[in-house]
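>>> Dropping the sequence and predicted coords here.
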Amino acid sequence: MSTTTVRRDKGTGSVAFDKTSGFWVGRLEVGKDLAGRRIGVKVIGASRSEARTKLDELRKRREAGIDVGARTTTFAELADAWLERGLPSDLSENTVWNYGRILRGHVLPTLGAKPVADLRSDDIDAMLDVMADRGLAASSMRHALNLTRRVLRFGMRRDLVVRNVAEPVQTRRGPKAERYGLTVKQAKKLLRVAADDRLAGLITISLLLGLRPGEAAGLTWENVKTKGKRPTITVAASLRRTPLGALMLVASKTPTSRRTLEIPPPVVDALKAQRRMQKAEQVAAGRAWRNTYDLVFTTEVGTPLDPSNVRRVYSRLAEEAGLAHLHPHMLRHAAASLLSAAGVPIEDISDTLGHRSVNVTAEIYRHPIAPVRSGHMVAMNQLIDRPRGRRTEA
């Protein structure tokens, strides 16, 4: 490389013209490595003034405490470091895997190769535009933007970026996934059709209690109380698939997810029938029985129910019941809409479903939920004596 160097004051770097490439190159020494070798970074400009401007910018970043020697760190490398070292130690393996899935699927294809020091808000906008063009839901874009912000915050703590360029970016609206419920007539027909299926109990408690699919599949006999005046179940865990494909029982993530629900007679009957069926299957399986977690709902040999197999059963029952489609989450949506139609206050629906707030319930089940609050009625009515009859004028 043939260059003509223009010296500047010590510590401010140098600018040289590269005759081979035809560009001006700015160089700044930023320190030495462990072996004592000098570490330098460079910028390229079409003119001397452009190279000097970029060099001054680099120097100011260094003076601000930014590790400009690591300006080649890409977003993909920073994201990997965040997943490895930037997350709370008590975060579940499944959650970490899901974060990685979202980053790899939606964020890294657009941002991964870019040096984090050079990222701009326009780059984040471009990522969201790509997602919007693919027809992804608003929730997917929110998750992607949130993780991008968290990765860049991690970069700021490591002095790799000056500011979080994802913070001012607004997510796109995008299409909303439609939430389907069931009418009372449809729900009754589904229960009748499913009555003779070995997953009848699972469908009954999912529909009548609005449990999440993983919560229903992860219900254990220890948390089922069918005797006494107020039979209950306690939702304390969820059955989830690990990144390696195994199914395991994981404790509920939030205090509101862990809840005790009083159960109506149809659920009590369904659980008692399930207990009888499971005992018969255990006898038939003999030494092959493998109900390690003491689950209420299992396969014929006691192993956890595979979600894909459950979905296939639901599809078959949906066809028999004359429903366009049926998936496990749909029973939870149906429970919300049926409770709302029966006049149950939204606060009680939120507690039953295990949401962290009423706002979550109203947002997720925007259409099936009628947000009419009536919890105040009893308390307020007792403050005023109601007249026994209307006084008439003489």
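Okay, I see it.
>>> which residues does residue 356 contact?
Applying Cβ atoms under 8 Å, 6 or more residues apart in numbering, one finds that residue 356 lies in contact with 254, 256. From N, CA and C alone the C-beta is placed, and that goes for glycine too.
>>> How is it assigned, secondary-structure-wise?
Counting by DSSP: H, G, I helix; E, B strand; the rest coil, the backbone at residue 356 sits in coil.
>>> Check the gap between it and residue 272 for me.
32 Å (Cβ to Cβ, to the nearest Å).
>>> again, but for residue 59
The gap separating residue 59 from residue 272 is 76 Å, by Cβ to Cβ.
>>> between these two, who's got more neighbours?
residue 59 (18 against 14; other Cβ atoms under 10 Å).
>>> pretty sure the more buried one contacts residue 29?
No: look at residue 59 against residue 29 with Cβ atoms under 8 Å: they stay out of range, at 10.6 Å.
>>> what touches both of the two?
Common neighbours of residue 59 and residue 29, using Cβ under 8 Å, 6+ apart, are residue 13.
>>> The residue nearest the centre of the chain: what's it in contact with?
Nearest to the mean C-alpha position of the chain, by Cα atoms, centre = their mean, lies residue 143 at 7.0 Å. Residue 143 sits next to 102, 106 when contact means Cβ under 8 Å, 6+ apart.
>>> did I read that right, residue 182 in a helix?
No: counting by three-state DSSP, residue 182 is not part of a helix but coil.
>>> Give the burial count for the closest residue to it other than its chain neighbours, as a bare number.
Spatially, and ignoring its direct neighbours in sequence, residue 182 is nearest to residue 334 (3.9 Å; Cβ to Cβ, 6 or more residues apart in numbering). Residues lying near residue 334 (other Cβ under 10 Å) number 25.
>>> now swap in residue 268 and tell me
Close neighbours of residue 268, defined as other Cβ under 10 Å, add up to 17.
>>> And residue 346, how far from residue 85?
To residue 85, residue 346 is 41 Å away according to Cβ to Cβ.
>>> One more: residue 250?
Taking Cβ to Cβ as the measure, residue 250 falls 23 Å from residue 85.
>>> Give me the more crowded residue out of the two.
Neighbours per residue (other Cβ under 10 Å) separate residue 250 from residue 85, with residue 250 holding more: 16 against 9.
>>> so the more buried one, which of the three states?
Under three-state DSSP, residue 250 comes out as strand.
>>> per-residue pLDDT, it?
Residue 250 is assigned 86 on the pLDDT scale.
>>> Name the nearest residue to it, sequence neighbours excluded.
residue 240 (5.0 Å).
>>> got a list of contacts for stretch 189-206?
Residues from elsewhere that reach stretch 189-206, judged by Cβ under 8 Å, 6+ apart: 182, 207, 211, 213, 216-217, 219, 233, 263, 266-267, 270-271, 273-274, 277, 296-297, 300, 305, 310, 313-314, 317-318, 320-323, 326, 328, 331-332, 335.
>>> Quick check: which element contains the residue nearest to the centre of the chain?
Assigned by DSSP states H and E, residue 143 belongs to helix 138-157.
>>> May I see the buried residues of that helix?
138, 140-141, 143-145, 147-155 (16 or more other Cβ atoms under 10 Å).
>>> Can you name the next helix or strand after it?
helix 184-194.
>>> So for that next one, mean pLDDT?
Helix 184-194 carries an average pLDDT of 90.
>>> do the same with stretch 60-80
What stretch 60-80 shows for mean pLDDT is 75.
>>> for that stretch, how far is the first residue from the last?
28 Å (Cα to Cα, to the nearest Å).
>>> correct me, but residue 298 touches residue 279?
No: at 11.9 Å, residue 298 and residue 279 do not qualify as touching, with contact defined as Cβ under 8 Å.
>>> More neighbours: which of those two?
Applying other Cβ under 10 Å to residue 298 and residue 279 shows that residue 298 carries more neighbours, namely 21 against 10.
>>> so that one bridges to which residues?
Residue 298 forms beta bridges with residue 304, as assigned by DSSP bridges.
>>> The residue nearest to residue 182: helix or strand, and which one exactly?
helix 328-341.
>>> Distance check, residue 110 against residue 143.
15 Å.
>>> go on, residue 22?
Applying Cβ to Cβ, the value for residue 22 to residue 143 is 45 Å.
>>> Next: residue 306.
26 Å.
>>> ok, now residue 166?
From residue 166 across to residue 143, the span is 13 Å (Cβ to Cβ).
>>> do residue 46 as well
40 Å.
>>> and the longest strand seen in the chain, which strands flank it?
Longest strand of the chain, by residue count under DSSP state E: strand 23-32. Under the criterion DSSP bridges, strand 23-32 sits next to strand 14-18 (antiparallel), strand 38-45 (antiparallel) in its sheet.
>>> Run through the stretch 101-250 of the chain and note the low-pLDDT ranges.
Low-confidence segments of the stretch 101-250 of the chain, defined by pLDDT under 70: 159, 174-181, 243.
>>> and residue 87, how many residues sit next to it?
14.
>>> How about residue 55?
Using other Cβ under 10 Å, residue 55 is surrounded by 24 other residues.
>>> Which pLDDT value goes with it?
We have a pLDDT of 83 for residue 55.
>>> how about it, secondary structure?
Criterion first, three-state DSSP; result for residue 55: helix.
>>> How about the contacts made by it?
Contacts of residue 55 by Cβ under 8 Å, 6+ apart are 12-13, 15, 26-28, 43.
>>> can you rerun that using 10 Å?
8, 12-15, 24-28, 41-43, 45 (Cβ atoms under 10 Å, 6 or more residues apart in numbering).
>>> and what of residue 87?
Contacts of residue 87 by Cβ under 10 Å, 6+ apart are 95-96, 99, 150, 154.
>>> What of residue 186?
Per Cβ under 10 Å, 6+ apart, neighbours of residue 186: 318, 321-323, 326, 334, 338.
>>> What subset of the residues you listed is buried?
318, 321, 323, 326, 334, 338.
>>> Which one of those residues is nearest to residue 74?
Closest to residue 74 out of those is residue 326 (44.1 Å), distances taken as Cβ to Cβ.
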